[in-house]
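Asks: after the sequence you'll find the predicted model.
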Amino acid sequence: MAQILAFAGSNSSTSINYKLVRHTVSLIADHKIQVLNMANFPFPMFSVDLEAREGYSNSLIELKNDIQTADGLVLSVNEHNSYPSAYFKNLLDWLSRIERKFLLDTQLLLMSTSPGRRGGKGSLEASRSMLERFGGTIAATFSLPSFNDNFDMEKGIVDDALRAQHSEALQTFLSML
C-alpha cells in the first residue's frame, strides 16, 4: 500500500482544481491517501529578508515532511494568465528553500483544469518543468478543459473521452508507485 498526498495548487476556497483532486482520489482504492485543502495554508510571499528574519513556519516544514514521506502526489494546478498562480509558485519557492530536491523519488500525477477550453495547459506545462527541477517524476498528466461543462459534482467527469483519458493517467500513476 502506497502513501499518496493530494492537493491543488490553489488556495481558493472554491477551487475547481481541488474538486478535481477530490474526485481523482475518490477513485483510488488500497492506498493510504491524505488530502490537503491549501486554502488552510496561508503562506506569506517569499522573500530572503523574511526567510532570514523568521525562518520557516511549522506548517511549511510539516508540508515538506508530508511530501517527502509520500510515495506519490496527486496535484492539480490552477492557471492565472496561462501560468501557475502566484500562490503555487510561492509555495514552491518556500519548499525549495528548505530542501532543493524536496520531491526526490516522488511520483506525480499532475493535472490541471480551468473554465476555459485549454484546461490550464499553460500552467500544467510550466509546473511540470518546475516540479521536475525539484526532483519529482511526472508519471502522468491530465488536463480537463471547460470544467463547468465537463464535470459534475456527483458524476465526476461527464465526457466519455475525457473520463477515459483521466482513468488512463490515474492508472499509469498508480502503476508507478
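Replies: Arrived safely, thanks for sending. Numbering: from 1, shown residues only.
Asks: use CA for all of it now, contacts and neighbours both
Replies: Noted.
Asks: now do the helices in the chain.
Replies: Ranges of helices in the chain, per DSSP state H, are 16-26, 48-54, 58-69, 86-98, 121-133, 147-150, 160-175.
Asks: show me what contacts the one residue sitting closest to the centre of the chain?
Replies: With distances taken as CA atoms, centre = their mean, residue 75 lies nearest the centre of the chain, 2.0 Å away. Contacts for residue 75 (CA atoms under 8 Å, 6 or more residues apart in numbering) come out as 6-9, 21, 108-111.
Asks: residue 169: which of those residues is nearest?
Replies: Closest approach between these and residue 169, by CA to CA: residue 109, at 7.3 Å.
Asks: do you know the pLDDT at that closest one?
Replies: At residue 109, the model reports a pLDDT of 98.
Asks: burial count for it?
Replies: 23 (other CA atoms under 10 Å).
Asks: next one: it from residue 171, what distance?
Replies: Computed as CA to CA, to the nearest Å, the residue 109 to residue 171 distance reads 10 Å.
Asks: do residue 91 as well
Replies: 27 Å.
Asks: good, wrapping up.
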